[in-house]
Structures are given as C-alpha cells and as structure tokens.
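Peer 1: Give me coordinates for this.
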Amino acid sequence: MVKGRFSIFKRLTGPQILVLGLAFTIFVGAFLLSLPIAAEPNKHISFLDALFTAASAVCVTGLVVVDIATTFSYFGEVVILLLIQIGGLGFMTFTTLIAVLLGRKIGISERLALTESLNLSTMEGIVRLAKAIFLITIIIEALGILILSSRFIPEWGLSKGIYYAVFHSVSSFNNAGFDLFGDDGKFSGLTRYVDDPVVVLTIGSLVLLGGIGFIVIQELISYKKGKKLSLHTKIVLIMSLMLIIGGMVMILLIEWFNPKTLGALSWDGRLLSAWFQSICRTSGLNTLDLGSLYPTTLFMMILLMFVGASPSSTGGGIKTTTLAVILLAVWNMLRGRHDDIVAFKRRIPHYLVYKALTVSVAALIYVIIVTMILTISERTDLLTAMFETVSAFATVGWSMGLTPDLSALGKVIMIISMFVGKLGPVTLTLALAKSRTHLPYKYPEEKPLIG
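Peer 2: As a prediction, the model looks like this:
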C-alpha cells in the first residue's frame, strides 16, 4: 500500500506537486491558526478567517480580514511568521532544504518541482541554488533584524523590540506585507513611521532585495569574479529601476498637494513616502493611508501591482521580465521588424514571447472576471474591486478597506485569487491539464487580418 502511494507521488508532475504542496501548507496553517491558543483572550477566529490568514501568509500577500496585532496571540503570530518564511522561500525550496538536512536524496520529481517553482529552465545545480537561497535569506533577514532592532528596542523595550524587528524583517524580505502595528489603529500599517528614515529605508531595502529575485542577488554577489551579468539580471535591474522611479515620480506629482497624504509631510517625508510606496508595489506595506489617495494614484498602483516583482523572487505579479519581453516585441513590431527580438546583443527566443503573452493575457482575464464578481457579491465600485483583486492576485497585500468587510463568498474568492497568483495561472493550468503531446503533423498556413 505504501509503495503504491509513493509510486503515485512519483508520477506527479512538477506543477502538480507545487499545487498540492501549497494547498497542504495552507490548510495546516489554517488548522493551527484556528486553535484557541492562536487567538488573544476573549477573541475567536473562525476557520474561514484562519484559512484566509494562512493563505495570505503562505502566498506572502498580506491581505487580512482580522487585524494581526489585536487578534492573534504570540503563538498565532509565530505561526504566521513561519508560514511567511515557508511561502517566501517557496514550498519546494523549504522541503528540499529539510531533506538535505536529513541526509535524504533529492529525486527527479522533487528537482522538477523545484525548477518549476523557481521559474528556471534547467535542473542543473538546482539543489546548490536552494542552499544558496537559504543562506542569502538568512543573511539579509539578519541584517534587517539588526538595523530595525536599533530603532525598535529604544521604543518598545528589549524583548518586544527584538520580536518586532524579527517579524518585520522576515515579513519585508519575503514581500508578505504583514505588520504588528495594529495597536495604533486597526490596519494602520507603517503610518506611524511615515517620515522615519531608518525604518522606511531598511524595510524598503528588504522589500527591494526580496523582489528582484535570488538569481539576481547571487549574480550581483559573484559579479567581481566574472565581471559579467546575464541578460535576465540586466533586464530585472533596468525594469525594477524604471518601475520604482516611474512610480515614485507619479506619486509625487499626483499626491504632492493632497493634505491627507504627501501634503501634510515635509519635503524629505514626501520623497521618502513616495519612494517607499513605489518600492512596496510587491509587498503591500504602506506608510500612507491608501483610502486617502486620489483615484488616479490608486489606478497607477493597480498597474504597478499587476507587474509586480521579478522571477525567482518572493514577490508576485506577472513579473518585470514578462513586461520587458512584451515591450521589446511591441517595439520590434512598431519598427516594422519581424525578425528576432534582441536585447543587449542577445537574441530572445520566440517561445518566450508567447509565454509572456500567455501569462499576461491569462492574468488579465482572471483579474477582469474576479473584479466583476466582486462588484456584484460585495456591492462595491469598480476601482475598489479591481484594486483588491489585483492586490490578491499579485500577492501584494494593499487594501482600500474592502477586504476586512468581505462576505464569506468574497473571502473564498480572494483565497483562490491569492492561491492562483502565488502559483501563476499557467502553472495551475499545467497542473490540471493532461500530459502534453506534440502533433506529428502541421496544418496549412493562412494569415488572418490583424489591426
């Protein structure tokens, strides 16, 4: 019986292992968070709310239906922290590291799943990369803890200051968006530190490092040896810089005189806040009250969230490289060129253009459908519904205030959106699809009119 079960597991594809592993982790987390010990005294957490919180943590989203600081006990918060770390590293990376520590051999099925989870095209050196990811995570999070401790200990005391530093360093690097400052007011986020350079710059830097991806960080660390960066790293760095600067400039231009956001801050505070909000398009942390932002700013933030972070990172979205490949293809067509797409004197394969278009169109269709459903089920306006939908799908965690008031149906829809967003619509489709086969023939070619 046991042997049969293992043979079934071995027949699973990489995407199927990812889907089952992520779902299993979420339900285990939901069970732990629904226990009485996970809640503050005189607080009760329903299983649906526990499931929503666990899904948000494992999918490193940060959307919450109950305030973390005022609802969960230390046990519950530690469970959430562990779920964030598992979700940030990736289920397969985490299980691979445990297997390595136990001296267990990593099989082909696990290697395939790990390759799929990191969006890589080859299994070569995949276990070594998993070890490097773990080491990078520990070092960066430790640095974040040290810096944040220097700020939090004088304010909160030794034990609570260190605890806050650990929680927010892990949450920030993993682009999770969870915080423990609900005592200032439910769902207040980091608004108390809006013009605090130590907290804002540290957390923003952690979010940025987590969002550019482990592959890029590893290449930057070893840059002195080879003095060479891959095309992937170059595209990620350029696109990330463009999105950060572009988002920051737009926020400054639109919100500069808004008395409820940037207008109430000093020049330094305005620059710091605009930079932070642009950086946190992948994490959901905020120093500004999102409900007070102008509609134009909110729509721009939807676009930033939709793009999200980079491949092999802790963030979501369609990814920066996906947008870059599509833009390069469009630029090629506008110039009347029908040949290969080239960037930095390197040719990009045509199948990657198809993949980028597939990811983007599938994501857009999903967002449109869920947005329409939420406008009906939650009786809300289009902008709010789209903002919450993209935030969940791109695993960001920003909210305009709709998520805490969601109906039971709305919560289920958002849980599914976070799950789909974490895996990616293409990965989820491949997990559900039958085995792929290539046709042994080709149909005649015919050209429909376009444009």
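
Peer 1: could you give the mean pLDDT of the lengthiest helix in the chain?
Peer 2: Criterion DSSP state H: the longest helix present in the chain is helix 126-156. Averaging pLDDT along helix 126-156 yields 91.

Peer 1: helices or strands next to it in the packing?
Peer 2: helix 74-89, helix 91-101, helix 108-117, helix 158-173, helix 197-212, helix 214-221 (3 or more Cβ pairs under 8 Å, 6 or more residues apart in numbering; DSSP states H and E). Any C-beta I mention is one placed from the backbone N, CA and C, and that applies to glycine too.

Peer 1: would you turn these into JSON lines with mean neighbour count and distance to residue 65?
Peer 2: Below are the helices and strands packed on helix 126-156 laid out as JSON lines (neighbours: other Cβ atoms under 10 Å; distance: least, Cβ to Cβ, whole Å):
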{"stretch": "helix 74-89", "mean neighbour count": "22", "distance to residue 65": "13"}
{"stretch": "helix 91-101", "mean neighbour count": "19", "distance to residue 65": "23"}
{"stretch": "helix 108-117", "mean neighbour count": "20", "distance to residue 65": "27"}
{"stretch": "helix 158-173", "mean neighbour count": "21", "distance to residue 65": "17"}
{"stretch": "helix 197-212", "mean neighbour count": "22", "distance to residue 65": "23"}
{"stretch": "helix 214-221", "mean neighbour count": "19", "distance to residue 65": "31"}
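
Peer 1: show me the contacts for the residue nearest to the spatial centre of the chain.
Peer 2: In the chain, the residue lying closest to the centroid (Cα atoms, centre = their mean) is residue 315, at 2.6 Å. By Cβ atoms under 8 Å, 6 or more residues apart in numbering, the contact set of residue 315 is 60, 175, 210, 211, 282, 283, 308, 309, 395.

Peer 1: quick one: it is in a helix?
Peer 2: No: using DSSP: H, G, I helix; E, B strand; the rest coil, the assignment for residue 315 is coil, not a helix.

Peer 1: Pull up the gap between it and residue 373, please.
Peer 2: Applying Cβ to Cβ, to the nearest Å, the value for residue 315 to residue 373 is 25 Å.

Peer 1: ok, residues contacting whatever helix or strand residue 322 lives in?
Peer 2: Under the criterion of DSSP states H and E, residue 322 resides in helix 320-334. If you take Cβ under 8 Å, 6+ apart as the criterion, helix 320-334 is touched by 232, 235-236, 238-240, 243, 307-311, 338-339, 341, 343, 348, 352-353, 356-357, 359-360.

Peer 1: mind listing which of those residues are in strands?
Peer 2: Among those, the members found in strands (DSSP state E) are 341, 343, 348.

Peer 1: For residue 52, find the nearest of the helices and strands packed on helix 126-156.
Peer 2: Closest to residue 52 of these, according to Cβ to Cβ: helix 74-89, at 11.8 Å.

Peer 1: coming back round to it: ok, of the contacts of residue 315, which one's closest to residue 402?
Peer 2: Closest to residue 402 out of those is residue 395 (16.9 Å), distances taken as Cβ to Cβ.

Peer 1: Can you tell me the closest non-neighbouring residue to the closest one?
Peer 2: Distances taken as Cβ to Cβ, 6 or more residues apart in numbering place residue 316 nearest to residue 395, at 3.3 Å, with adjacent residues excluded.

Peer 1: distance of residue 48 from residue 244?
Peer 2: Noted for residue 48: a distance of 36 Å to residue 244, by Cβ to Cβ.

Peer 1: How about residue 197?
Peer 2: Distance, residue 197 to residue 244, by Cβ to Cβ: 17 Å.

Peer 1: With residue 338 instead?
Peer 2: Distance, residue 338 to residue 244, using Cβ to Cβ: 33 Å.

Peer 1: between these two, which one's more packed in?
Peer 2: Using other Cβ atoms under 10 Å, the more surrounded residue of residue 338 and residue 244 is residue 244, with 18 against 7.

Peer 1: thought the more buried one was touching residue 275?
Peer 2: Yes: contact criterion Cβ atoms under 8 Å: residue 244 and residue 275 qualify, at 7.5 Å.

Peer 1: quick revisit: nearest to residue 20 among the ones in strands among the contacts of helix 320-334?
Peer 2: Closest to residue 20 out of the ones in strands among the contacts of helix 320-334 is residue 348 (32.8 Å), distances taken as Cβ to Cβ.

Peer 1: quick one, the longest helix of the chain and helix 197-212 angle?
Peer 2: Helix 126-156 runs at 160 degrees relative to helix 197-212, counting by axes from the mean of the first three to the mean of the last three Cα atoms, to 10 degrees.

Peer 1: What are the buried residues along helix 126-156?
Peer 2: Under the neighbour-count criterion of 16 or more other Cβ atoms under 10 Å, helix 126-156 has 126-127, 129-130, 132-134, 136-137, 140-141, 143-145, 147-149, 151-153, 156 buried.

Peer 1: Direction-wise, compare that helix with helix 158-173 and give the angle.
Peer 2: Here helix 126-156 points in a direction 140 degrees away from that of helix 158-173 (the same axes, to 10 degrees).

Peer 1: Which strands and helices lie in contact with the helix or strand containing residue 305?
Peer 2: Under the criterion of DSSP H and E, residue 305 resides in helix 295-307. Helices and strands touching helix 295-307, by 3+ Cβ pairs under 8 Å, 6+ apart, are helix 231-255, helix 320-334, helix 382-393.

Peer 1: export these to CSV and tack on mean pLDDT?
Peer 2: Converted to CSV, the helices and strands packed on helix 295-307 look like this (pLDDT from 0 to 100):
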stretch, mean pLDDT
helix 231-255, 96
helix 320-334, 93
helix 382-393, 96
